[in-house]
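Enquirer: just need the structure, nothing else, for what follows:
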Amino acid sequence: MIFRIELRRSIAPWAGLALVVFALAFLFLLSGPWWKIPAPWSANTTTTALWIRFLLQFLWPVVVGAGAIQGMRDSRSGMTELLGTTPRPAWHRALRLAGAVGALAALGYLVVFGVGVAEVLAHDGFVSAVFLPVLGVGVLAVVAGCWLGLAVGRLLPHPLTAPGLAVLTLVGTVLCWMSLERGLDAVLPRRAGPLAPALAEPRGSMVTTTVSLDVGQTAWFLGLAVTGFLLLSVQSVRARLLSLLPLVAGAAIALPLFPAEALTADSVAARKVCDGPVCVAELHRDRLAALAGPGREALAMLAKLPGAPTRVEEQIAPGSPIERPGRDPGVVLLDFQHNEELLTADASDLRVAVLSGAGVPSCEGPSAPSVSDRGARMIAAAYFTGELKPLPEYLRNWFKRQSGPIEQAWRQFRALPADVRFARIVALRRALLTCQGDPMDTLVPGALR
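Expert: Numbers count the residues shown, from 1 in each chain. Predicted coordinates:
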């Protein structure tokens, strides 16, 4: 009964509603990276959970600020001394208040995730239980943030407490997030990043949090939640100082556990599914039937090269669109995450994709291809098939309009003696494996000058 009263008269419903509205506004009103490759939030339930954790850099300050507003209720209403004379222990009242606010904030977080799951199902995405630790730590962080706000609001009942605490939380959360995000000039050390619940942007649809990160953050946010609840419950200065012990203990357990890299491969979504020498990840199992035949044909064509690859596999390692793709001399790696053209490619295009670069991927990031790199890999594929075709990659239509110099280089290459063409294809493969030299100059020196 008292719990229901707290639900009605406290800020709890509004805290949960604010979290839902802010989160869905970010997700659906902004064309953010969560809608784009390589990690759309509708591709995998784990990716959905990671993107919602990413948004906590903006949502957590809202939750903490809402808790602070509620924490000042007794002081604003002049009830502090009166409540202090009642026989009911202070922790009883604190439990019902903290439970109401924390429960509805956590419910709001789960509603946002539920919307994400609906998006995954609507887009025929991948569903697994790997998201549970990511989601669970997020829920715990939301509850801990609420209780921290309640405690600070109770201890510092000033009109500026709630906005000031929200701003400080936003600054601290963003600084922690920056230390996790690759490519940014971080202010805090990398191991301090997981002290806030926001995670770095997922660089692929087959990543999840590491076990050590989950355990460390669970210990940290559990300690934060207990400290927040104790500060909300106790009255004496000595008791308040002792209330900091769970926070200190949580930090002492968590900091050594925090890993250098917060994200790792999702063992379920990235599990190999093979048909002979051709493998894809479980996430893209539906592409195996289309790739198996063209993959075998391409491997047979490549077999005449020295040190030829013997397998075709999907690239599962996460990476940035500006990073150089991974390479392996014994394996042709196809990146279905960054190259959405492969998700709808037919048998002919898939064969060309395997043969491009003589079985070696580009040395450039997928978002910044050059005519030299892509043109040389197109010619390498045409060497085996006898037909120059655009590669099934990003900016394919743009390269069709830039095909003049590439077609001219292809004609020059075809005019060379057979043994010279073979030697230059071998040299191109070596150059792409080591990422040294200009690819087009390796095939046709001076063709693009």
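
Enquirer: what about the helices in the stretch 301-449 of the chain?
Expert: 347-355, 371-385, 396-401, 403-414, 418-434, 439-443 (DSSP state H, counting those that start in this stretch).

Enquirer: can you give me the buried ones in the first one?
Expert: Spelled out, that is helix 347-355. Buried residues in helix 347-355, defined by neighbour count with 16 or more other CB atoms under 10 Å: 349-355. To be clear about C-beta, it is placed using only N, CA and C from the backbone, and glycine gets the same treatment.

Enquirer: just give me the closest of these to residue 298.
Expert: residue 354 (3.7 Å; CB to CB).

Enquirer: dump the residue contacts of the closest one.
Expert: By CB atoms under 8 Å, 6 or more residues apart in numbering, the contact list for residue 354 reads 294-295, 298-299, 302, 312, 332, 334.

Enquirer: distance to residue 403 and neighbour count added to those residues, as CSV?
Expert: Shown next, in CSV, are the contacts of residue 354 (distance: CB to CB, whole Å; neighbours: other CB atoms under 10 Å):
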residue, distance to residue 403, neighbour count
294, 23, 22
295, 26, 27
298, 22, 26
299, 27, 21
302, 24, 20
312, 26, 28
332, 24, 29
334, 23, 27
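
Enquirer: and those, which two are furthest apart?
Expert: Maximum pairwise distance in those, criterion CB to CB, is 13.7 Å, between 302 and 334.

Enquirer: if we can go back for a sec, could you dump the helices of the stretch 301-449 of the chain into CSV and include mean pLDDT and distance to residue 236?
Expert: CSV is the format used below for the helices of the stretch 301-449 of the chain (pLDDT from 0 to 100; distance: least, CB to CB, whole Å):
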stretch, mean pLDDT, distance to residue 236
helix 347-355, 95, 70
helix 371-385, 92, 69
helix 396-401, 65, 70
helix 403-414, 89, 79
helix 418-434, 95, 69
helix 439-443, 92, 73
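
Enquirer: quick one: closest of these to residue 219.
Expert: Nearest of the helices of the stretch 301-449 of the chain (CB to CB): helix 418-434, 44.0 Å.

Enquirer: in the closest one, what counts as buried?
Expert: Buried-residue list, helix 418-434, by 16+ other CB under 10 Å: 421, 424-426, 428-433.

Enquirer: closest to residue 116 among these?
Expert: Nearest member of the buried residues of helix 418-434 to residue 116, counting by CB to CB, is residue 432, at 38.5 Å.

Enquirer: surely the closest one and residue 358 touch.
Expert: Yes. With contact defined as CB atoms under 8 Å, residue 432 and residue 358 form a contacting pair (7.4 Å).

Enquirer: all strands of this structure, in order?
Expert: In the chain, the segments counted as strands under DSSP state E are 207-209, 263-265, 272-275, 278-281, 311-314, 331-334.

Enquirer: mean pLDDT lowest where, among those strands?
Expert: Least confident of the strands of the chain, judged by mean pLDDT, is strand 263-265 with a mean of 92.

Enquirer: low-confidence stretches in the protein?
Expert: 1-10, 74-93, 319-323, 366-368, 395-402, 449 (pLDDT under 70).

Enquirer: okay, buried residues for the longest helix along it please.
Expert: Looking across the chain with DSSP state H, the single longest helix is helix 90-122. Buried residues in helix 90-122, defined by neighbour count with 16+ other CB under 10 Å: 93-113, 115-117, 119-120.

Enquirer: now stretch 265-279
Expert: By neighbour count on 16+ other CB under 10 Å, the buried set for stretch 265-279 is 265-266, 268-271, 273, 277-279.

Enquirer: contacts for that stretch, please.
Expert: 44, 46, 126, 128-130, 205-208, 280-283, 285, 288-289, 291-292, 295-296, 299, 310-314, 316-318.

Enquirer: how about it as CSV, C-alpha atoms only?
Expert: Extracted in CSV, the C-alpha atoms of stretch 265-279 (Å, rounded to 0.1, in the frame of the first residue of the first chain):
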residue,chain,number,x,y,z
ALA,A,265,33.6,-10.9,-30.2
ASP,A,266,30.1,-12.3,-29.6
SER,A,267,30.8,-16.0,-29.4
VAL,A,268,27.3,-16.9,-30.6
ALA,A,269,26.8,-14.4,-33.5
ALA,A,270,30.4,-14.9,-34.7
ARG,A,271,30.4,-18.7,-34.5
LYS,A,272,31.5,-20.2,-37.9
VAL,A,273,29.0,-22.0,-40.0
CYS,A,274,30.8,-23.8,-42.9
ASP,A,275,30.1,-25.6,-46.1
GLY,A,276,33.5,-27.2,-46.9
PRO,A,277,36.1,-24.5,-47.2
VAL,A,278,33.6,-21.6,-47.2
CYS,A,279,32.4,-20.2,-43.8
